[in-house]
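[1] What follows is a protein structure lacking sequence information:
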């Protein structure tokens, strides 16, 4: 026991030394930790304090979009075609609405529905954010959740005031004014297919804008969907502003912090003339209404005249002076959103698709208005001014008898007279001659065809390039097209042939198509020569072709817009005429130009231009009555002079001169201020007759005045 006690006694100093050393190490570690903590706290509060304070501030601020005022659309004289107006909008402040209970919210929506005349469930659906439970795409709000959600636009002032006066009954309901599109309609113009309309931005468009860095679009934006509203949307829409609002941790708005003002959109100056547009629309409607009152001897009933189009083009620049289409629609229907009922009506068969622009999207057989193009093609491939062919009452082609219009016979005549009286059998012989010379093998898809080549040189079969979206390409029914169409449709028509159903014509067509629908026969060639068969053009394509005859062979991409002008009146961008092709054959063009002068004097248009001052205003022309299986013939009139091209079409409207002729004449009289045989006796619709070269004058006070100079624009 004694040795053990002695050992412990000798170890105590050593143990005390180790304990003191451990305590010292622990004290050093604790001190180091405190120093590190204090250093970090100092850094966070002093050097980095300002940054963290700013970040904390940003976390409590949210951006609310301020929508810009959309740019104006004006005509070439500065008359406003599309503007903006103030409108009452009723919205839901989600922050304030959230402070009320579910029962109170239901009561508010019910009361609001009674005032607005809208279903309460509809209002609730509009107040939901896209992504919220129960939200419906196309109805929900995809804008900022920190601003009032609009549930009713274009509310009458009486209803808006009632909500404001009874604010205690509508907690969370906000009533304010906003800017909506308006259509002043100078001279009563419609121009819906040219101007277009707006609708809310889609999720896809927003995603694409985010990816491309485009900040001009946001969830509350509206976007151009048709016409120049779509083509020049990026210039017209302007740039949104942003207002920063302070919010608490629950997302409730506490107040405003700062604001960046929105930038209004630019003004679009067009080549349209409101006066001419009004005259064109009224005369197209007049032609349609007249046709509907006219008896058709062939069908035994009045003409249906179910649609139509008219184009007035500057012959030397391709600019559109006016363009009309029937049936049409009221662009006001789209303002503030369109109902499903309105959409159903616009797309119904009964309405005959009023959203379709017959001038740029409608496809029609050109009829005899095709013959000037065929003449120029013939002159460049063997024929000439001295050529003579028989204008017989009919022509046997294979097993079919192709007759002249009303079976008239005029004997041996030249191309000039054939154009003026519109002799079909004359041009049948031209088409048949080329078929026999170059392509008598109906299965040869590569056979030469001078008439098809000429049609393509005039731009038919492809888009003109007009700055209005949705344009149709048209169709040249040549050998390659027929072979391709046969490959696509053979199965369908062979099944119909076996079924042996339909009218006698339909059964025969299905049988022949199934057997040899790919073959390009002589009948196809003669039909092509007079603008019949499967070839289709738009009225705009035809107008551009006649403009090329008028100006010596230049094809332009038609233009509606002339310039983009900033809100302060400074020119941002000029939109000049664009040359896209050339038609060769100066002598042929001159011959046709001279021949078509006779159409209004001694040809098919003469009876409608009696008393017109043709020596002073030398209007050239060509008529056409295009036939379509199962329908009444369509009325075409194509006219031009050194300044303008005027085209009119009335589908199922009868003869060209009989239906459209008188109304085309009225457009010419309006252009030149013609009264009787006096030119300029009335004020012309375009000052200086020719479309103005200069832009309207934008004065400092915001007024838009006519151009100072009305000199003609040179391309």
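    Sure thing, it's come through. Keep in mind that this is a model prediction, so the values were computed, not measured. Numbers count the residues shown, from 1 in each chain.

[2] part of a helix, is residue 325?
    No - judged by DSSP: H, G, I helix; E, B strand; the rest coil, residue 325 forms no part of a helix; its state is strand.

[3] Output the below-cut-off pLDDT ranges for the stretch 51-200 of the chain.
    Residues of the stretch 51-200 of the chain that meet the criterion pLDDT under 70 lie in 51-64, 144, 146.

[4] And the strands in it?
    Using DSSP state E, counting those that start in this stretch, the strands of the stretch 51-200 of the chain run over 61-66, 73-74, 80-92, 149-155, 173-182, 198-200.

[5] Let me know which of those is tucked in deepest.
    strand 73-74 (a mean of 26; mean count of other C-beta atoms under 10 Å). For every residue, glycine as well, the C-beta is placed using N, CA and C.

[6] Which residues does that strand contact?
    Applying C-beta atoms under 8 Å, 6 or more residues apart in numbering, the contact partners of strand 73-74 are 80-82, 195, 228-229, 236, 267-270, 696, 704.

[7] Restricted to buried residues, select those residues in ChimeraX.
    Buried subset of those, written as a ChimeraX selection, criterion 16 or more other C-beta atoms under 10 Å:
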select :80,81,82,195,228,229,236,267,268,269,270,696,704
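
[8] Redo the contacts of strand 73-74 as CSV? Include distance to residue 205.
    Output for those, formatted as CSV (distance: C-beta to C-beta, whole Å):
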residue, distance to residue 205
80, 28
81, 25
82, 21
195, 21
228, 18
229, 15
236, 15
267, 23
268, 20
269, 26
270, 25
696, 32
704, 31
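
[9] now, among the contacts of strand 73-74, which is nearest to residue 628?
    For those, the minimum distance to residue 628 (C-beta to C-beta) is 30.3 Å, reached by residue 195.

[10] Excluding chain neighbours, give the residue nearest to the closest one in space.
    Spatially, and ignoring its direct neighbours in sequence, residue 195 is nearest to residue 227 (4.7 Å; C-beta to C-beta, 6 or more residues apart in numbering).

[11] Could you do residue 209 as well?
    Once flanking residues are discounted, residue 209 sits nearest to residue 217: 4.1 Å by C-beta to C-beta, 6+ apart.

[12] Helix or strand for the one you found, just tell me which one.
    For residue 217, there is no host helix or strand (DSSP states H and E).

[13] now swap in residue 430 and tell me
    If you go by DSSP H and E, residue 430 is part of helix 424-438.

[14] Pull out the buried positions in that helix.
    The neighbour-count check on helix 424-438 (16+ other C-beta under 10 Å) flags 424-435 as buried.

[15] Need the residues that contact it.
    So helix 424-438 is contacted by 368, 371, 374, 378, 381, 383, 389-395, 397, 402-405, 413, 415, 418, 447-451, 522, 525-530 (C-beta under 8 Å, 6+ apart).

[16] Which of the strands of the stretch 51-200 of the chain sits closest to residue 110?
    With C-beta to C-beta as the criterion, residue 110 lies closest to strand 173-182 of those, at 12.2 Å.

[17] rewinding a little: which pLDDT value does the model give the residue nearest to residue 209?
    According to the prediction, residue 217 has pLDDT 90.

[18] Looks like residue 370 contacts residue 531 (just checking).
    Yes - when contacts are counted by C-beta atoms under 8 Å, residue 370 is listed as touching residue 531 (2.9 Å).

[19] still on that earlier bit, buried sites along the very next helix or strand once past the helix holding residue 430?
    Next in sequence after helix 424-438, counting helices and strands by DSSP H and E, comes helix 450-457. For helix 450-457, burial by neighbour count (16+ other C-beta under 10 Å) applies to 450-452, 454-455, 457.

[20] Pick the one among those residues closest to residue 580.
    Distance ranking of those against residue 580, using C-beta to C-beta, places residue 457 first at 11.8 Å.

[21] got a list of what the residue nearest to that closest one when sequence neighbours are not counted touches?
    Of all residues not flanking residue 457 in the chain, residue 583 sits nearest, at 5.5 Å (C-beta to C-beta, 6+ apart). Contacts for residue 583 (C-beta under 8 Å, 6+ apart) come out as 376, 457-458, 548, 553-555, 589.

[22] Helices - which of those land there?
    376, 457, 548, 589 (DSSP state H).

[23] any chance of those in TSV, with distance to residue 559 too?
    Shown next, in TSV, are the ones in helices among the contacts of residue 583 (distance: C-beta to C-beta, whole Å):
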residue	distance to residue 559
376	25
457	21
548	15
589	23
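
[24] Any chance of a PyMOL selection covering the buried ones in the residues you listed?
    Buried residues within these, by 16+ other C-beta under 10 Å, are selected in PyMOL with:
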select buried, resi 376+457+548+589
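
[25] Which members of the ones in helices among the contacts of residue 583 are the farthest-apart pair?
    Farthest apart among the ones in helices among the contacts of residue 583 by C-beta to C-beta are 457 and 589. That separation is 11.7 Å.

[26] any idea how far residue 469 is from residue 138?
    Here residue 138 is placed at a distance of 22 Å from residue 469 (C-beta to C-beta, to the nearest Å).

[27] domain ranges for the protein?
    For the chain, the structural domains run 87-182, 274-350+555-672, 367-529, going by automatic domain parsing.

[28] Go through those and pick out the most buried.
    domain 274-350+555-672 comes out most buried of the domains of the chain by mean count of other C-beta under 10 Å, with a mean of 20.

[29] Can you check the distance spanned by it, start to finish?
    In terms of C-alpha to C-alpha, to the nearest Å, the two terminal residues of domain 274-350+555-672 are separated by 15 Å.

[30] Can you give me the buried ones in stretch 214-224?
    Across stretch 214-224, burial judged by 16+ other C-beta under 10 Å covers 216-224.

[31] mind putting the residues you listed in a markdown table, distance to residue 562 included?
    Shown next, in a markdown table, are the buried residues of stretch 214-224 (distance: C-beta to C-beta, whole Å):
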| residue | distance to residue 562 |
| --- | --- |
| 216 | 23 |
| 217 | 26 |
| 218 | 30 |
| 219 | 33 |
| 220 | 31 |
| 221 | 26 |
| 222 | 24 |
| 223 | 23 |
| 224 | 18 |
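
[32] Nearest to residue 337 among those residues?
    residue 222 (9.3 Å).

[33] Relative to residue 454, how far out is that closest one?
    Using C-beta to C-beta, residue 222 is found at 45 Å from residue 454.

[34] got a list of what the nearest residue to residue 131 once chain neighbours are set aside touches?
    Leaving aside its sequence neighbours, residue 131 sits nearest to residue 140 (C-beta to C-beta, 6+ apart; 7.8 Å). Shown in contact with residue 140 (C-beta under 8 Å, 6+ apart): 125-126, 128-132.

[35] Helices - which of these land there?
    Per DSSP H, those map to helices at 125-126.

[36] Pick the one among the contacts of residue 140 closest to residue 190.
    Of the contacts of residue 140, the one sitting nearest to residue 190 (C-beta to C-beta) turns out to be residue 126, at 30.3 Å.

[37] picking that back up, export the buried residues of helix 424-438 to CSV and tack on pLDDT and distance to residue 67?
    Formatted as CSV, the buried residues of helix 424-438 follow (pLDDT from 0 to 100; distance: C-beta to C-beta, whole Å):
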residue, pLDDT, distance to residue 67
424, 96, 59
425, 97, 64
426, 97, 62
427, 98, 58
428, 97, 62
429, 98, 65
430, 98, 61
431, 97, 59
432, 97, 64
433, 97, 65
434, 98, 61
435, 97, 62
